[in-house]
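**Student:** sequence and predicted structure are below.
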Amino acid sequence: MSKYQSIAVIYGSDSSEWEVSCRSGEFTASRIDEFRYDVYEIFARFGDWKLVAMRKANSMRQAFPEGAQPVVDKSDFSVMVLGEKIKFDFAYIMQHGAPGETGLLQGYLEMLGVPHSTCSAFVTTVAFDKYSCKSYLRGTDIVKLAPDAFIRKGDDVEAFCKNTVERLGLPLFVKPTGGGSSFGISKVDKAQDLPEAIRYAFMEGDTVIVETAISCEHELTCAAYRDGDEVKTLPVIEIIPTTGWFDYDAKYNGLSREVCPAEIPVILSEKIQEITRNIYRCLGCKGLVRMDYISAPDGIYFLEVNIIPGMTNASLVPKMVRAAGIGITDFLTTIIENA
């Protein structure tokens, strides 16, 4: 017997990742068990939430044409369809970027008492911000962290750059503290290029983190999820970008090899999985998360947590699920029923 009946899959976002989010959301909605749940697809962008498609259990998917898409009533998270009021009893969040990965959407759902597929509002807020997440983990001995510096929009960029290059050296990676899909990220090899890279990152948000570029032997990623009382991990993937690092083109335009399971020593793979479980527990994660790492000559470095990892047929997590021998529909059911 299922805990939930009406599943709202929320996709689209207020960030540069909204199109990727749509692909993830549509894939997820199409793979949720068609015999067990009613699935409702909600496109949500800049406060405009509309029902774009629905699929009742044991029925065909029905798409609503533009201009005739029912509007979601955000006062109680419901929608009117053909005179019937449908109140969603579970939200599967597939918004990459704001508000689905900033904690805002989770906070809204938690205030209404609606269970959802991701971490709590607090954990999501901490984990989404790269600097906050590293600061949370800095006092632990779980994993290594690259030396970094933090700057907020309005600070003296030139003075910051001079001090940062002196302290961290070169090369450097410059990243918006929030966001994903490599939007706003640059690798800087020359000191004179750092101010421009910071201003580019500011296009994605008000805060930026600058990190020492770690000597990379392997770029690795691993996903964790909860099944009952147990935190489980999926097979590790090694990412081998042809662009030099895992930028947008490497992620979405086929300019990388993604080897799953990673062809690395078993002891390294098991260590990545152990670290992933420990970070999951340390942060207080729920649902499915993916964590990225660099394996360097002096150890394993944590890069970031992906609270809502991509979920298209070509995305990393579905590849991990297939490598684990799990059906994607069964996997999604596990995520939903353990929320």
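**Tutor:** Good, I have the coordinates. All values derive from a computational prediction rather than experimental measurement.
**Student:** what does the top helix by length along the chain rub up against?
**Tutor:** Counting by DSSP state H, the longest helix found in the chain is helix 266-283. Contact with helix 266-283 is made by 119, 123, 126-127, 133, 136-137, 140, 142-143, 218, 220, 222-224, 231, 233, 235-236, 261-262, 285, 289, 291, 293, 295, 300, 302, 305, as judged by Cβ atoms under 8 Å, 6 or more residues apart in numbering. C-beta: built from backbone N, CA, C; applies to glycine.
**Student:** repeat the analysis, applying 7 Å as the threshold.
**Tutor:** 123, 126-127, 136-137, 140, 142-143, 220, 222, 224, 231, 233, 236, 262, 289, 291, 293, 295, 300 (Cβ atoms under 7 Å, 6 or more residues apart in numbering).
**Student:** looking at these, which are in strands?
**Tutor:** Leu220, Cys222, Ala224, Val231, Thr233, Val289, Met291, Tyr293, Ser295, Ile300 (DSSP state E).
**Student:** now render the residues you listed as a markdown table, adding pLDDT.
**Tutor:** Formatted as a markdown table, the ones in strands among the contacts of helix 266-283 follow (pLDDT from 0 to 100):
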| residue | pLDDT |
| --- | --- |
| Leu220 | 98 |
| Cys222 | 98 |
| Ala224 | 98 |
| Val231 | 98 |
| Thr233 | 98 |
| Val289 | 98 |
| Met291 | 98 |
| Tyr293 | 97 |
| Ser295 | 97 |
| Ile300 | 98 |
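**Student:** just the buried subset of those residues, please.
**Tutor:** Buried by 16 or more other Cβ atoms under 10 Å: Leu220, Cys222, Ala224, Thr233, Val289, Met291, Tyr293, Ser295, Ile300, out of these.
**Student:** centre of the chain versus stretch 167-184, how much separation?
**Tutor:** Relative to its parent chain, stretch 167-184 has a centroid offset of 17 Å by Cα atoms, centre = their mean, to the nearest Å.
**Student:** identify the residues contacting Cys119.
**Tutor:** Ala127, Cys285, Lys286, Gly287, Ile307.
**Student:** do that again at 6 Å, thanks
**Tutor:** Cys285, Lys286, Ile307 (Cβ atoms under 6 Å, 6 or more residues apart in numbering).
**Student:** and what about it, helix, strand or coil?
**Tutor:** coil (DSSP: H, G, I helix; E, B strand; the rest coil).
**Student:** what's across from Gly299 in the sheet?
**Tutor:** Assessed by DSSP bridges, Gly299 has beta-bridge partners Ala296.
**Student:** quick one: it and Leu145 touch, right?
**Tutor:** No: applying Cβ atoms under 6 Å as the test, Gly299 and Leu145 come out as separate, 10.6 Å apart.
**Student:** so for these two, which sits in the more crowded spot?
**Tutor:** Higher neighbour count among Gly299 and Leu145: Leu145, with 17 against 11, using other Cβ atoms under 10 Å.
**Student:** quick one, phi/psi of the residue lying closest to the more buried one once chain neighbours are set aside?
**Tutor:** Of all residues not flanking Leu145 in the chain, Lys134 sits nearest, at 5.3 Å (Cβ to Cβ, 6 or more residues apart in numbering). Main-chain dihedrals, Lys134, degrees, to the nearest 10: phi -60, psi -40.
**Student:** any weak-confidence spans in the protein?
**Tutor:** 179-182, 243-255 (pLDDT under 70).
**Student:** quick one, helices of it?
**Tutor:** 18-31, 104-112, 121-128, 130-138, 157-168, 194-201, 248-252, 266-283, 316-323, 328-337.
**Student:** which of the residues in the fourth one are buried?
**Tutor:** Counting neighbours by 16+ other Cβ under 10 Å, one finds that the buried residues in helix 130-138 are Lys130, Tyr131, Ser132, Cys133, Lys134, Tyr136, Leu137.
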